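J.: got a predicted structure plus its sequence, pasted below:
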Amino acid sequence: MVEQVPPITPPTVRPRRLRTSAAMRRMVAETALEARQLVLPVFVREGLDEPRPIGSMPGVVQHTRDSLRAAATEAAELGIGGLMLFGVPAHRDPVGSGALEPSGILNVAIADVVAEVGDALTVMSDLCLDEFTDHGHCGLLTPDGRVDNDATLAVYAEMARAHAAAGVHMVGPSGMMDGQVAVVRAALDGAGHTDVSILAYSAKYASAFYGPFREAVDSCLDGDRRTYQQDPANAVEGVREALLDVEQGADVVMVKPALAYLDVLRRVRDAVDVPVAAYNISGEYAMVEAAAARGWIDREAAILETLTSIRRAGADVVLTYWAAEAARLLARR
Ligand code: PBG
């Protein structure tokens, strides 16, 4: 006996109608990706004669002071939101002295970039000691080798004043020391820099995806940062960190990395009333570049999909090594 198959009723509700043309899709797109929302992280290395490529980040270089100025001008012309500056000093010591000297590489680079582009870009600086210490940790160490939270805060305060004196618009405390935002805010205000804002690396995870960055800054770290960066297992804690930073005066809070933490990003976006940034980090960049170099994925499509997804998850601002290129791609779309 053959069973009777009921006739198929064609659906009357058809979501596909909104996908029928490029114009239709563009009109109903929920998430916009714009150059102004992108921030380009840049590396500047002391004593370089010419830009030095970073092997694990194809297309990204350690800049000389001159090539950094040129990159800043180009970024301003492209209309991106800003630059995040990282300094790579020629010499390191246990307390990261190079971070504080006015002639230190990051401080002179801030002044260079501000002189070059003025207010056309938001000039941001990484406020952390890991590039400047010979042990590679983000803070000072106790005699038994632990990262000393409160002693480190005093150095961050001084570093914030140095960056502000060099003309920075926004500092990015990224060391994950408890209380760092409050201490940096007080230091800036105490020195009259009430207009310098704070981008807090609030929910920053101890991630394996930072690998290429460690090459980019010639990191000396032997070990890991698990006593101060967060456990990848924790999302509620990421929200708690963001709320604490807002309470302490953060103007913008950040989730980092981005792709493996899109849920944290959404939760933070829903929990705070300040702009939220996300850092599309070195390993996320390297994975796409490596696969594209082998012809395994469509590079440009993967870049735009990545950045759009980070925006969709809740980021108002995205730090990405593709910022300049994405701005170019968006301009011709
Ligand atoms: C620490 C810092 C790190 C990054 C930016 N600032 C990483 C770390 O903890 O080693 C990573 C950025 C990236 O991977 O792109 N100051």
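T.: It's in.

J.: the ligand contacts on this structure?
T.: Contacts of the chain with the ligand, taken as CB under 6 Å from any ligand atom, map to Asp126, Cys128, Asp130, Cys138, Ser174, Tyr210, Phe213, Arg214, Arg225, Ile281, Ser282. C-beta here means a position set from N, CA and C on the backbone, and glycine is covered the same way.

J.: give the contact list for Val108.
T.: Arg65, Pro102, Ala166 (CB atoms under 8 Å, 6 or more residues apart in numbering).

J.: out of those residues, who's nearest the ligand?
T.: Ala166 (17.9 Å; CB to the nearest ligand atom).

J.: what pLDDT does that closest one get?
T.: On the pLDDT scale, Ala166 is placed at 98.

J.: can I get stretch 292-302 in PDB, CA atoms only?
T.: Extracted C-alpha coordinates of stretch 292-302, given in PDB (Å, rounded to 0.1, in the frame of the first residue of the first chain):
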ATOM      1  CA  ALA A 292      44.300  33.200   1.900                       C
ATOM      2  CA  ALA A 293      48.000  32.800   0.900                       C
ATOM      3  CA  ARG A 294      47.300  29.200   0.200                       C
ATOM      4  CA  GLY A 295      44.200  30.000  -1.800                       C
ATOM      5  CA  TRP A 296      41.900  28.400   0.800                       C
ATOM      6  CA  ILE A 297      39.700  31.400   1.400                       C
ATOM      7  CA  ASP A 298      38.700  34.600  -0.400                       C
ATOM      8  CA  ARG A 299      40.900  37.100   1.500                       C
ATOM      9  CA  GLU A 300      38.900  40.300   0.900                       C
ATOM     10  CA  ALA A 301      35.600  38.700   1.600                       C
ATOM     11  CA  ALA A 302      36.900  37.100   4.700                       C
END
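
J.: list the contacts of stretch 4-22.
T.: So stretch 4-22 is contacted by Met24, Arg25, Val28 (CB under 8 Å, 6+ apart).

J.: in that stretch, what's buried?
T.: Neighbour counts over stretch 4-22 (16 or more other CB atoms under 10 Å) mark no residue as buried.

J.: with stretch 167-186 instead?
T.: 167-177, 180-185.

J.: what of stretch 182-202?
T.: Applying 16+ other CB under 10 Å to stretch 182-202 flags 182-185, 187-188, 191, 193, 196-202 as buried.

J.: is Leu188 within a helix or a strand, and which one?
T.: Assigned by DSSP states H and E, Leu188 falls within helix 180-190.

J.: what about that helix, average pLDDT?
T.: pLDDT averaged over helix 180-190 gives 98.

J.: from Asp218, how far out is the residue lying closest to His137 once chain neighbours are set aside?
T.: Take His137 and drop its neighbours on the chain: the residue closest to it by CB to CB, 6 or more residues apart in numbering is Val147, 5.4 Å away. Val147 is 20 Å from Asp218, where distance means CB to CB, to the nearest Å.

J.: these two: who's more crowded?
T.: Val147 (20 against 16; other CB atoms under 10 Å).

J.: quick one: residues contacting the more buried one.
T.: His137, Cys138, Gly139, Leu140, Leu141, Met177, Thr227, Tyr228.

J.: may I ask which helix or strand of this structure has the lowest mean pLDDT?
T.: Scoring the helices and strands of the chain by mean pLDDT, DSSP states H and E places helix 211-216 at the bottom, with a mean of 92.

J.: just the CA atoms of the following helix or strand past it, as CSV, please.
T.: The helix or strand immediately downstream of helix 211-216 is helix 236-247, counting by DSSP H and E. Extracted in CSV, the C-alpha atoms of helix 236-247 (Å, rounded to 0.1, in the frame of the first residue of the first chain):
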residue,chain,number,x,y,z
VAL,A,236,30.4,36.8,33.5
GLU,A,237,33.8,37.9,34.7
GLY,A,238,34.4,39.8,31.5
VAL,A,239,31.2,41.8,32.2
ARG,A,240,32.3,42.4,35.8
GLU,A,241,35.7,43.8,34.6
ALA,A,242,34.0,46.1,32.1
LEU,A,243,31.6,47.4,34.8
LEU,A,244,34.4,48.0,37.2
ASP,A,245,36.3,50.0,34.5
VAL,A,246,33.3,52.1,33.7
GLU,A,247,32.9,52.8,37.4
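
J.: shouldn't Tyr279 be within a strand?
T.: Yes: the assignment for Tyr279 is a strand, going by DSSP: H, G, I helix; E, B strand; the rest coil.
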